[in-house]
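S.K.: Here you go, sequence then predicted model.
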Amino acid sequence: MAEMRRAVLLDNRPLFASTDLDEIRELVARVFCPHRLDLTGDPSLLSGRFNSAQLGAVRVSYLDYGADVHIEPGDLESFFLVQIPLTGHSLIRCGKQEIVSTPSLASLPSPSRHLDMRWAAGCAQLIVKFDRTAVERALEQMLGEQLDQPIVFDLGMNLTAGWARAWRAMVDLIVREAEHDDGLTAQPLAVAHLENALLASLLTMQPSNYLARLTAPRPPAVPKVVRRAVEFIEQHAHLPLTTDDIARAVAVSSRSLQEGFRSHLGLTPMAQLREVRLARVHKDLAAGDPARCTVTTVATRWGFLHQGRFAAAYRARYGQAPSETLRRG
């Protein structure tokens with residue numbers, strides 16, 4: 001991972017490379033929003049580089065100005081950002097919060113608060129952008145009610161914390177795969193799985209003005225609702241489902257659905273979805289032609305990203321390796 005942070009990321013997804021301040025400001029604004037951009041150091045160091053990839057509802061970008069810059073977008077309004085310095089540091093002010101962001105402390109400015117930043121020379125950053133509507137919709141579904149105020153996260157995101165290290169590892173996986181046109185990011189189920197995991201982790205782990213309500217106990221969904229959810233999963237397992245999608249289909253909050261699944265089935269909705277998809281993989285392998293398909297292709301198509309864990313789960317359920325099913329079929 002350290003080697004990845006020093007490299008120029010998403011080199012196959014360039015948007016621009018420029019030494020013209022006005023051009024840099026305009027092109028960055030096309031992806032993010034209009035903003036003030038001023039040089040505050042040696043102008044000869046200005047060497048803007050911007051690579052970016054849109055993957056479903058998430059955009060990952062590599063942005064480096066080269067020189068010391070002052071960036072003032074004001075209120076982001078329509079999106080959230082997680083900004084991770086790959087080297088160096090940046091001073092981030094958002095509303096009344098202020099941090100010095102480093103490779104171990106990302107910044108998570110909230111779109112309803114005024115944002116003002118000073119990036120030091122050489123502070124290239126990996127930026128993850130989430131649409132505000134998608135974040136708010138996910139939170140409403142988790143709560144089972146409409147939001148009564150904008151979401152405001154703590155500005156600093158400690159990347160040394162256990163959950164945040166795992167979150168960063170998922171971002172690194174997305175970036176690595178986006179650097180290959182035939183990678184996992186070309187698989188809709190895989191992309192949806194990563195998107196959901198990134199967003200759910202932020203909402204349930206990063207401190208915010210909604211975290212206490214999110215973690216408060218919720219009554220579990222009743223058995224008939226759980227049965228309807230299981231039927232929905234069976235019928236739609238080929239789609240990039242999330243817990244929120246399933247909960248919305250049976251008209252309960254995602255928290256209540258999760259509690260209902262744990263109480264009545266002893267697993268989560270996503271675990272049930274994985275079981276259904278595992279059965280679909282088994283069916284496809286049994287009917288497959290070993291000369292025309294591979295275990296990896298079939299597993300990835302059904303959203304299984306980690307081949308080692310997939311193979312172990314498959315053997316535990318079917319008593320044989322997936323390759324053996326394909327060979328016998």
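M.R.: Happy to help now that I have it.
S.K.: Look at the residue nearest to residue 42 when sequence neighbours are not counted and tell me its secondary structure.
M.R.: In space, and not counting its chain neighbours, residue 42 is closest to residue 67: 6.2 Å by C-beta to C-beta, 6 or more residues apart in numbering. Quick note: C-beta positions are derived from backbone N, CA and C, even for glycine. Classification of residue 67 using DSSP: H, G, I helix; E, B strand; the rest coil returns coil.
S.K.: Name the surrounding residues that touch stretch 232-242.
M.R.: Counting by C-beta atoms under 8 Å, 6 or more residues apart in numbering, the neighbours of stretch 232-242 from elsewhere in the structure are 56, 188-189, 191-193, 195-196, 245-246, 249-250, 269, 272-273, 276-277, 280, 302-303.
S.K.: one more time with 10 Å, if that's ok
M.R.: 56, 138, 141, 187-193, 195-197, 199-200, 245-250, 254, 269-270, 272-280, 301-303 (C-beta atoms under 10 Å, 6 or more residues apart in numbering).
S.K.: Could you export that stretch as CSV, CA atoms only?
M.R.: Only the C-alpha atoms of stretch 232-242 are listed here, as CSV (Å, rounded to 0.1, in the frame of the first residue of the first chain):
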residue,chain,number,x,y,z
PHE,A,232,-37.0,-10.5,-2.9
ILE,A,233,-33.4,-11.5,-2.6
GLU,A,234,-34.1,-14.8,-4.5
GLN,A,235,-35.8,-12.9,-7.3
HIS,A,236,-33.3,-10.1,-7.7
ALA,A,237,-29.9,-11.7,-6.8
HIS,A,238,-28.6,-10.9,-10.3
LEU,A,239,-28.9,-7.1,-9.5
PRO,A,240,-26.5,-5.0,-7.6
LEU,A,241,-28.5,-5.1,-4.4
THR,A,242,-27.7,-3.3,-1.1
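S.K.: Quick check on the closest residue to residue 23 other than its chain neighbours: phi, psi?
M.R.: Counting by C-beta to C-beta, 6+ apart, residue 23 lies nearest to residue 16, which is 7.3 Å off, once chain neighbours are set aside. Here is the backbone geometry of residue 16 (degrees, to the nearest 10): phi -170, psi 160.
S.K.: burial count for residue 16?
M.R.: Residues lying near residue 16 (other C-beta atoms under 10 Å) number 16.
S.K.: I'd say residue 222 and residue 261 touch.
M.R.: No - contact criterion C-beta atoms under 10 Å: residue 222 and residue 261 do not qualify, at 11.8 Å.
S.K.: So for these two, which residue has more residues nearby?
M.R.: residue 261 (24 against 13).
S.K.: so which strand or helix has the more buried one?
M.R.: Using DSSP states H and E, residue 261 sits within helix 254-264.
S.K.: Going by neighbour count, which residues in the helix or strand just after that helix are buried?
M.R.: Of the helices and strands lying after helix 254-264 in sequence (DSSP H and E), the nearest is helix 269-286. Buried residues in helix 269-286, defined by neighbour count with 16 or more other C-beta atoms under 10 Å: 269, 270, 272, 273, 274, 276, 277, 278, 281, 282, 284, 285.
S.K.: Hmm, the third one is touching residue 227, no?
M.R.: In other words, residue 272. No - Residue 272 lies out of contact with residue 227 (C-beta under 10 Å); the separation is 11.4 Å.
S.K.: Now list whatever residues contact both of those two.
M.R.: Common neighbours of residue 272 and residue 227 (C-beta under 10 Å, 6+ apart) are residue 265.
S.K.: ok, the residue nearest to residue 42 to residue 49 distance?
M.R.: Going from residue 67 to residue 49 by C-beta to C-beta, to the nearest Å gives 12 Å.
S.K.: Who has more neighbours out of those two?
M.R.: Taking other C-beta under 10 Å, residue 67 and residue 49 do not tie; residue 67 has more neighbours (22 against 18).
S.K.: In terms of pLDDT, where does the more buried one sit?
M.R.: Predicted confidence (pLDDT) at residue 67: the value is 97.
S.K.: And the one 3 residues further on, by the same measure?
M.R.: The pLDDT attached to residue 70 in the predicted structure is 98.
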